[in-house]
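K.L.:
Using only what follows, build the 3D model:
(chains A and B)
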Amino acid sequence: MATDWETVIGLEVHVQLATRSKIFSWSSTAFGAEPNSATDPVCLGMPGTLPVLNRSAVESAVRLGMAAGCTIRARCRFARKHYFYPDLPKGFQISQFDEPICEGGAIKFRLKGEPRAIRLTRIHMEEDAGKNLHAAAGVSFVDYNRAGVPLCEIVSEPDVRSAEEAAEYVRAVRTLVRYLGIGDGNMEEGSLRCDANVSLRPRGSEKYGTKTEIKNMNSFKNVRDAIEHEVKRQATLLDRGERIIQETRLWDASRGVTQAMRSKEQAHDYRYFPEPDLPPLVVTELEQVALRASLPELPEDRFARYTREGLSPQDAGVLVADRETAAYFDATVAAGAPAKRAANWLINELLARVDDPRKLGEADRPVPPTALAELVQLVEDGTLSGKLGKDVFAKMWAERRAAKEIVAAEGLAQAFDSGALEEACQRVVAAHPDEAGRFKTNPKLMGFFVGAVMKETGGKGNPKAVNEILRRLLG
Amino acid sequence: MDARGASLVSIVDGVRAGAVSAREVTEQFLDRVARLDRALGCYLKVDDVGARRRADAVDATRKAGRDPGPLAGAPIGIKDIFCMRGVETTCASKILRGFVPPYESTVTARLEAAGAVALGKLNMDEFAMGSSTENSSVKPTRNPWSTAHVPGGSSGGSAAAVAASLCAGATGTDTGGSIRQPAALCGVVGMKPTYGRVSRYGVIAFASSLDHPGPFGRTVEDAAALLEVMSGVDPLDATSIPAAVGAYRRAARAGREGPTPLAGVRLGVPTEYFQPGMDAEIEAAVRAALDELARAGAKIVPVSLPHTKYAIATYYLICTAEASSNLARYDGVRYGLRTAEARSLEELYTKTRGEGFGAEPKRRIMLGAYVLRAGYYEAYYGKALRARRKIADDFSAAFTACDAIVTPTSPVPAFKFGERIGDPLQMYLADILTVAPNLAGVPALSQPCGFTKSGLPIGLQIIGPALGEEICFRVGGAYESRTDWHTRLAPEVA
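P.N.:
Numbering: from 1, shown residues only, chains lettered A, B, ... in the order given. This is a model prediction of the structure:
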């Protein structure tokens, strides 16, 4: 019988911090600038230049650590990590080695509804490298715009047990980064990058198997596909009695395979030592208190609150996935809409109309939360039927008009006041004496009467009111 | 005005008073450089156009009735390790040939803002690695007192240029003695300030935690005047110290006042700095200087710096480790030399670095890479950091018993070309009396205190506590005012 292999995954996620200037110098971190225009002598590693630490990058890292429940080091050092590559201007990267700014903590999320907490080893700060651009015919260019962009490297414990869980973990990191407003977490643009250490062991075994490191996964789908592929590859080898070679493998998304890097590219001795150009980084108690106070309500806290307030786990999960969606929801409720209704409208109508939920946070979104709350109220109080409400919403979205304005302009209000509705119901009951007689023994006929009243009123009757009146007339 | 032998302070006084224009001073010094430097080899590049422009700006400021600055018209030379915007800066290395920085070092920016006129870039040991300036990839610099002898190093061009009045003051850097030792060998004043007192921004790094930019002058007050301008916290250097800059010139002058200007000052003499192997003439000159300082009112007390014996080993572990790291950026990708032919990325690196670096940087890169290799950090670098702490603690303890420490600067006077270059260990020992203050980060001054029978200068080292530049200048000023070594002129060879 084939061995039952347990997958063991540890993840290293690099998050670019969206500070205005670089981690050790003054040029811009803006993405997409003309190659080598967002540079300065320091990030280019020119002779005699010196790094000066950007405090706002430190604040972002500390807030990320606090949000993940890490221990924050009151005093830590940077270190130089040496290797030669054209995109690395100084021949070393300023990183952290034995004294990371954050240690411990966990990333929390839900996988198929089950709460998960993947423990973190550490979060450390470092500078990004530039980018090599390989042109045709053996010509290469280097763009140093990215050199010196601040990064947080989030290193997890080997707690992840499946490719799907790995992808969800990375998604949860992105959500956290976006909630904190410290980065945009865009995998396609490389502002969030992920490497995975993958190994297998017989289920029940305590000992870890030999791992491989998978790089070059630049989407959630890549993360899942690459790890799935790697798990299968390792299982096949192990089933055949072969051994796994510890190596770095690159995911080739177009071919759907991982491939080993040349061993020469892997043989690094980074010769770490403390960065002598930077004094130790001190984060005072006072700064820590201020940064902790600046943390927003975090995704999993929000999820707990929403379910406590009566939302289904499914709805709560959708709402907390993006800070903008959750904020929109909270604002709609604050403007008077009942939570459950607000969630329905938000999920079924608004989210269906935006390609990126973050657009709900934009100032010029077509329907602001107060406008949605107004519409929900109109439906709640019977002014609009659910169906009409949806039509009105479509108009609100397309024309950026308020619900009440549309209702008034187009005469859509369920204009039948209780007197007129009463008369309509009486007319319908009078017109169908047979059915009225059979109602007592067959309550299902209520549907027939409601439909008839609706027909009579041109759809403007409030179904709830119609029900009540009919029940009284027929009862 | 006679440029030969003129002190920087006297020139500045003349320019500020309008007795002479900055342009006239500049022309005189440029003329001297043109006539005399061929024999000495102090300058790697004379920036005559820039110098005249700077001088004219000083004169225009003065004529407009504005303050032309505390260094108005001071003709200075800049060690070729300081980046100047638009001026080729090479560290005397082939690998940086043709490198023109688009930025300015904080030190040269401050000097220019104070009215100083930089005449050009001065020779040095490649990347400041050496004690004789023989490691310059361009040319040797000769000692003005005897052209058969080296000027010391690594700031040999700076020391020799000041000694020969090819500039009235100069900048240097001191990583293990690179200001003080050439100052001693050339008979001028050199000051290594407290670590962090002077910004390192724009100063090409050799060993970051040991590199100290500082001044050279003919007199103690000249060096003090330059340091006063060079010093101060810099937002571009995170290791610079945010303390107020001391009144260095006033301290230097205070040493000259009255019959016993050093009354109440305790000067420590460490037994560890007077060991067998020291040149007898040097020991005699330094002992005589101590007697003179005692007559000036100082109390001479014995002190101990027990970890001195570890200083050289500690120094070479740390400086090679940091050098191997700092020199990693010279890869032929962005600036400086790139090998003519490389078929792969690896060849680009190995050929560029193989062709671009001289023997000494290569030696130190290899030593440093060895020191930092995985698994050996604790055995070498980590241990060196602990020894460094002990050495710094020695100084702290000694300064509870004395106000300054007086020692020789170099155990030997200037040596001949080729005498030590084949023996790196012997060359490294030239730093034996100067490296400890770099490890401890404390300030130290070297000034002339005599000559050997064969006419070579001897240097006296005055070490102060951290941020104690003023006591160094005060003691130095007192000694200088009672002796005439600093007034002697090196022979002139056209």
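
K.L.:
Get me the contact residues on the stretch 51-200 of chain A for chain B.
P.N.:
By CB under 8 Å from any CB of the partner chain, the residues of the stretch 51-200 of chain A that approach chain B are A:P51, A:V52, A:L53, A:R80, A:H82, A:F84, A:P86, A:P89, A:K90, A:G91, A:F92, A:V142. For the C-beta atoms, the positions are set from N, CA and C on the backbone; glycine is no exception.

K.L.:
With adjacent residues omitted, what lies nearest to the fourth one?
P.N.:
Nearest-residue entry for A:R80: A:F92, 4.2 Å, with adjacent residues in sequence omitted and distances by CB to CB, 6 or more residues apart in numbering or on different chains.

K.L.:
OK, contacts around the one you found?
P.N.:
A:F92 makes contact with A:R80, A:K81, A:H82, A:Y83, B:S325, B:A328, according to CB atoms under 8 Å, 6 or more residues apart in numbering or on different chains.

K.L.:
Tell me the one among those residues nearest to B:T171.
P.N.:
B:S325 (24.1 Å; CB to CB).

K.L.:
Can you report phi and psi for that closest one?
P.N.:
phi -70, psi -50 (degrees, to the nearest 10).

K.L.:
For chain A, see how far away it is.
P.N.:
B:S325 sits 6 Å away from chain A, going by CB to the nearest CB, to the nearest Å.

K.L.:
That residue against B:G368, yeah?
P.N.:
Yes: counting by CB atoms under 8 Å, B:S325 touches B:G368, with 6.9 Å between them.

K.L.:
For B:P276, the count of nearby residues, please.
P.N.:
4 (other CB atoms under 10 Å in any protein chain shown).

K.L.:
what's the helix or strand for it?
P.N.:
For B:P276, there is no helix or strand it lies in under DSSP states H and E.

K.L.:
Now do it, the pLDDT please.
P.N.:
Looking at B:P276, its pLDDT reads 78.

K.L.:
Same check on A:D434?
P.N.:
87.

K.L.:
now do B:I421
P.N.:
B:I421 carries a pLDDT value of 82.

K.L.:
Could you measure from whichever residue of the stretch 301-450 of chain B sits closest to chain A over to B:E346?
P.N.:
Distances between the stretch 301-450 of chain B and chain A by CB to the nearest CB are smallest at B:A328, namely 2.5 Å. Remark: distance between B:A328 and B:E346 (CB to CB, to the nearest Å) = 15 Å.

K.L.:
Just give the number of residues close to residue 195.
P.N.:
Just going to use chain A. Residues near A:D195, counting by other CB under 10 Å: 18.

K.L.:
look at chain B instead
P.N.:
Counted by other CB under 10 Å, the residues lying close to B:Y195 total 22.

K.L.:
neighbours of the residue of the stretch 101-250 of chain A found nearest chain B, just the number please.
P.N.:
The stretch 101-250 of chain A approaches chain B most closely through A:V142 (6.9 Å), counting by CB to the nearest CB. Look at A:V142: counted by other CB under 10 Å, it has 19 neighbours.

K.L.:
and what of A:G181?
P.N.:
When neighbours are defined as other CB under 10 Å, A:G181 has 13 of them.

K.L.:
which residues touch it?
P.N.:
A:A18, A:P296, A:R323.

K.L.:
for B:V198, same thing?
P.N.:
B:V198 neighbours (CB under 8 Å, 6+ apart): B:V107, B:H212, B:P213, B:G214, B:L227, B:M230, B:S231, B:S240.

K.L.:
tell me the contacts of the fourth one?
P.N.:
Pointing back at B:G214 there. Counted by CB under 8 Å, 6+ apart, B:G214 has contacts B:T171, B:G172, B:T173, B:D174, B:I179, B:G190, B:M191, B:K192, B:P193, B:V198, B:L227, B:M230.
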